[in-house]
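Q: coords please:
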Amino acid sequence: MIGQAVSLPKTYNFRGLGSLPAGKRRTKEGVFFRSDALHLLSDGGRGLLRELKVATVLDLRDDDEVLHAPSALAGLDLEVLRGNVLAGALGASLRDLPTLPGLYRMILAQGGSVAVGLARSVTANASQGRSTLVHCTAGKDRTGVMVALLLDAVGVDRDVIVADYAGTEANLAGEWIEGVKAFLGKMGVPLTEQILAIAGGSPASAMLETLDLLDADFGGGAGYLGRHGLNDAELEALRAALLQDDSSE
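A: Predicted coordinates:
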């Protein structure tokens, strides 16, 4: 199972994170969303974000990415936060690209304060009946790890977290990945299997390995957030913000 399919015009990888099983509970709808870049949004797309009551957008892209493709959010009543969880990595030589699990290890190493800030935004917005959106360029790696951290912290089933992550590859297939190939070709970058996997792949094995690392180093998502400053009361508030009893039981 992956997150709710919500069609946000001019995006490829937007979806809600509601109705996901968490033991005998489920995530609430309309509280937490994830996406790829928002630079192509039309009036219709902005209107949908209003309908979804998005109060905070957390943009995980670096300064160059934002400069190249600024988000089209003008006129919306929301705050835009920035959080660089891959400082230095995106500028590395393409010859030195890590595996996806290696990349996610780097995100975990750098993203603690960003993840805690995201958790606090989700809680605060939910208390006011509003929602939170997190995104990067593809909505796959940085976004995928941040989403997995919060979902794991509140007890969403592991196979569901993995399935939500793995569903991104199909969303990026076609027009999105072809655009990336064309861009890389103009840059003279060889389209090797490794580069294409980094650009558009989201194999379940990569998230499984990351969750195993999260367990080994932090005791899971809750432990990770706690290690980086989220206290027990805030964690309980996050659970209350994201979870509800499963009405299908």
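
Q: for this protein, what spans make up the strands?
A: Secondary structure of the chain (DSSP state E): strands located at 4-5, 15-16, 21-22, 25-27, 32-35, 54-59, 79-82, 131-135, 243-245.

Q: pLDDT below threshold where in this structure?
A: The model of the chain has pLDDT under 70 over residues 1-5, 88-97, 248-249.

Q: Tell me which residue of it is positioned farthest from its centroid.
A: The centre of the chain is farthest from one residue, Gly188, which by Cα atoms, centre = their mean lies 29.3 Å away.

Q: what's the most buried one of the strands of the chain?
A: strand 131-135 (a mean of 26; mean count of other Cβ atoms under 10 Å). For every residue, glycine as well, the C-beta is placed using N, CA and C.

Q: What angle do strand 54-59 and that strand make with each other?
A: 20 degrees (axes from the mean of the first three to the mean of the last three Cα atoms, to 10 degrees).

Q: Which secondary structure elements does strand 131-135 sit against?
A: Here strand 131-135 touches strand 32-35, strand 54-59, helix 112-127, helix 142-153, going by 3 or more Cβ pairs under 8 Å, 6 or more residues apart in numbering; DSSP states H and E.

Q: Adding distance to Leu86, write those out as CSV.
A: Shown next, in CSV, are the helices and strands packed on strand 131-135 (distance: least, Cβ to Cβ, whole Å):
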stretch, distance to Leu86
strand 32-35, 17
strand 54-59, 13
helix 112-127, 10
helix 142-153, 6
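
Q: and Gly102, which of those is closest to it?
A: Among the helices and strands packed on strand 131-135, the nearest to Gly102 by Cβ to Cβ is helix 142-153 (12.3 Å).

Q: now for that closest one, which elements pack on it?
A: Helix 142-153 is packed against strand 32-35, helix 100-110, helix 112-127, strand 131-135, helix 158-166, helix 204-218, helix 221-227, helix 232-242, with contacts defined by 3+ Cβ pairs under 8 Å, 6+ apart.

Q: quick one: which of these is nearest Leu73?
A: Nearest to Leu73, of the helices and strands packed on helix 142-153 and by Cβ to Cβ, is strand 131-135 at 10.0 Å.
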